[in-house]
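Asks: Everything below, folded, please.
(one chain, ligands or ions: 1)
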Amino acid sequence: MSNQPNGPDELTNSQGHPVTNNQHVRTVGNRGPTTLENYDFLEKISHFDRERIPERVVHARGAGAHGYFESYGTYNDEPITNYTRAKVFKKGQQTPVFVRFSTVIHGNHSPETLRDPRGFAVKFYTEDGNWDLVGNNLKIFFIRDPLKFPDMVHAFKPDPLTNIQDMERFFDFVSQSPEATHMITFLFSPWGIPATYRHMQGSGVHTYKWVNEEGKAVLVKYHWEPVQGIRNLTQVEAEEVQGKNFNHATQDLYEAIEREEFPEWELYVQIMSDEEHPELDFDPLDPTKLWYKDQYPWVKVGKMVLNKNPEDYFNEVEQVAFGTGVLVDGLDFSDDKLLQGRTYSYSDTQRYRVGTNYLQLPINKPKKDVATNQRAGSMEYKVNKGPHQNPHVNYEPSVMGGLKEHNQSGVEHTPHVEGNLVRESIDRTNNFGQAGETYRRLSEFEREELINNLVGALATCRKEIQDQMVKHFSEADADYGKRVAEGLKMKADQSEMSSRGVLGNLKGEEGVHEANTD
Ligand code: HEM
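Replies: Now for the predicted structure:
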């Protein structure tokens, strides 16, 4: 303790007490023992003991930045208000955003060069409250039913016994999930390793809805296109980068923004009428499918610029919480089951990962006033009451000065739904059609990479799994199946000739461990 006032740059503990000695714990004599009333030490070490919160169960490794979104206000030559009344899309409207990019499967400090989808999550702090567009770089997904998600993630993450990611477990699941064939075709091509976060696309993946002033809806898909261009890595290039720097994507984003080379993306939207579209050979709500550009053009509706790095990684990038349920007036869900399953999962995990009052943190709270009747809970530090709300009235309805409901101006969108409650797949699964089309649309160089990467990964799997995968690839495209089968055959012949452990013939320098360093 000191009786001098503390200067602004001088160390205090969290109670504001000046710290006069940060080098030595308090002890009986300089050889100890230490004493337990040593508040500065106890406070410092117990805060340190709690410096980690659970990492995200998926997408644990990420990088983030602030910026803004500017709306062009038109859809082709029409006013965008013909389709959506969301204020974020008003002509010239600028909305602050926070974006978090991520890898999916491995933990918080894993390499950023791995073959994995990349997360592309955008929080728009709109004048109507927050809108989160929680997407990926690839435009489709592995599965279409949320009940399968925990199994999928278990199969993709490290083995619960060895803690090693195992392609046999990965393909065990995938070979029994034919709907994943399309996603696998993208993932094992160079599109599965974006070179940096600045050089990748983003996509909402799901079908959402836009709703106009009359309550009329259209189905929409969102896509981000990087103005910097798209760059992917081959497997060999990725290994080279990883050998030198396993934080390259975070570093690239951070340094580009520090250099004031602000990355930009344009937002494109595809529209379909709000119907089942029986004329299509796929279901428009199926997240394993693309809406081909030639049929459903991408139309530019705005651009996003990232121009500010976070001031603190933990506060902003780690504690930010995105959710697919976070929509504003004029934007709506579709009946995509995967989307609806996600919508429960995000805020549920965030109440556990960050805490009950996670929406009070500066990075998560809307930039407009919030007035609710929610009170208390762990770490509440601000009561979200209205400026004129009677502090005794934390309920509604009331005639004693409580909060009132908002009068919605636009007509509500009220889709009609009926049917039996069932546990069934959708009818138009068409699991292989677009996978084949994507295979044929890749360049020959990309196809070559795809085959090599698949063969490399499948070679570690048992024959039963290999055969099932070859069957799926062949259903997608005969040439696709044939090339994977041939590659696997060649690999099997080679491996009969040589068998080695994962470290191959790497040996430590002779005698190095003989030095007496113990
Ligand atoms: C993160 C669940 C599908 C994109 C997460 C998290 C969960 C989750 C629990 C961690 C959230 C947190 O701790 O804040 C699910 C479920 C899915 C699903 C249950 C399917 C049923 C998808 C799909 C996409 C996606 C289809 C892409 C369109 C993301 C992204 C993040 C994330 C980008 C990271 C957000 C961030 O940066 O904080 N997901 N997910 N997920 N998910 Fe999903």
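
Asks: Contacts only, for the residue nearest to A459 when sequence neighbours are not counted.
Replies: Among residues not flanking A459 along the chain, K491 sits closest, at 4.4 Å (C-beta to C-beta, 6 or more residues apart in numbering). Quick note: C-beta positions are derived from backbone N, CA and C, even for glycine. Residues in contact with K491 (C-beta atoms under 8 Å, 6 or more residues apart in numbering) are V455, G456, A459.

Asks: ok, the one residue in the stretch 151-300 of the chain that gets nearest to the ligand to V317 distance?
Replies: Of all residues in the stretch 151-300 of the chain, V205 sits closest to the ligand, at 3.5 Å by C-beta to the nearest ligand atom. Shown here: V205 relative to V317, a distance of 22 Å by C-beta to C-beta, to the nearest Å.

Asks: Could you check which of these two has the larger neighbour count?
Replies: V205 (26 against 21; other C-beta atoms under 10 Å).

Asks: ok, the more buried one touching V134?
Replies: No: with contact defined as C-beta atoms under 8 Å, V205 does not count as touching V134 (9.1 Å).

Asks: Helix, strand or coil: sort out the residue of the chain found nearest the ligand for me.
Replies: Proximity of the chain to the ligand (C-beta to the nearest ligand atom) peaks at G119, 2.8 Å away. Using DSSP: H, G, I helix; E, B strand; the rest coil, the structure places G119 in strand.

Asks: Now do the contacts for the residue nearest to it when sequence neighbours are not counted.
Replies: Nearest residue to G119, sequence neighbours excluded (C-beta to C-beta, 6+ apart): S102, at 3.6 Å. With contact taken as C-beta under 8 Å, 6+ apart, S102 is in contact with R56, H59, A60, R61, G62, A63, R118, G119, A121.

Asks: Quick check, pLDDT for the residue of the chain closest to the ligand.
Replies: pLDDT, G119: 98.

Asks: again, but for Q494
Replies: Model confidence at Q494 (pLDDT) stands at 88.

Asks: Okay, and the beta partners of the residue most central in space within the chain?
Replies: A centroid search over the chain (C-alpha atoms, centre = their mean) returns G119, at 3.1 Å, as the residue closest to the centre. Using DSSP bridges, the bridge partners assigned to G119 are S102, N136.

Asks: and the gap between it and A86?
Replies: Distance of G119 to A86, given as C-beta to C-beta: 23 Å.

Asks: Among the contacts of K491, which ones are in helices?
Replies: The helices, defined by DSSP state H, take in V455, G456 from the contacts of K491.

Asks: Just the buried ones out of the contacts of K491, please.
Replies: V455, A459 (16 or more other C-beta atoms under 10 Å).

Asks: okay if I get the contacts of K491 as a markdown table plus pLDDT?
Replies: Shown next, in a markdown table, are the contacts of K491 (pLDDT from 0 to 100):
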| residue | pLDDT |
| --- | --- |
| V455 | 98 |
| G456 | 97 |
| A459 | 97 |
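
Asks: in the protein, which spans are helices?
Replies: 39-49, 149-156, 167-175, 181-187, 235-244, 248-258, 337-353, 433-441, 444-458, 463-476, 478-497.

Asks: G92: which of those is closest?
Replies: helix 248-258 (24.2 Å; C-beta to C-beta).

Asks: quick one: the residue of the stretch 151-300 of the chain closest to the ligand and K289, what's the gap?
Replies: Distance from V205 to K289, by C-beta to C-beta: 10 Å.

Asks: One more: L133?
Replies: Per C-beta to C-beta, L133 is found 19 Å from K289.

Asks: Give me the number of neighbouring residues for R100.
Replies: Neighbour tally, R100, other C-beta under 10 Å: 25.

Asks: what's it in contact with, if anything?
Replies: R100 touches G62, A63, G64, G119, A121, V317, V320, F322, counting by C-beta under 8 Å, 6+ apart.

Asks: got those as a markdown table, with distance to P33 columns?
Replies: Shown next, in a markdown table, are the contacts of R100 (distance: C-beta to C-beta, whole Å):
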| residue | distance to P33 |
| --- | --- |
| G62 | 44 |
| A63 | 45 |
| G64 | 45 |
| G119 | 49 |
| A121 | 50 |
| V317 | 41 |
| V320 | 44 |
| F322 | 49 |
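
Asks: which pair in these spans the largest distance?
Replies: A63 and F322 (14.3 Å).

Asks: W210 and G436, how far apart?
Replies: In terms of C-beta to C-beta, W210 sits 31 Å off from G436.

Asks: These two - which one has more neighbours?
Replies: Taking neighbours as other C-beta under 10 Å, W210 and G436 compare with W210 leading, 24 against 21.

Asks: Low-confidence stretches in the stretch 351-500 of the chain?
Replies: 498-500 (pLDDT under 70).

Asks: How about the residues of the stretch 351-500 of the chain by the ligand?
Replies: By C-beta under 6 Å from any ligand atom, the residues of the stretch 351-500 of the chain that approach the ligand are R353.

Asks: which of the helices of the chain is buried the deepest?
Replies: Highest mean neighbour count of the helices of the chain: helix 181-187, a mean of 25 (counted as mean count of other C-beta atoms under 10 Å).

Asks: Can you list the neighbours in contact with it?
Replies: Here helix 181-187 makes contact (C-beta under 8 Å, 6+ apart) with 115-117, 138, 140-142, 174, 192, 288-289, 431-432, 434-435, 438-439, 442, 450, 454, 472-473, 475-476, 480.

Asks: could you redo the last one with a cut-off of 6 Å?
Replies: L138, I140, F142, T288, N431, F432, Q434, A435, T438, Y439, H472, A476 (C-beta atoms under 6 Å, 6 or more residues apart in numbering).
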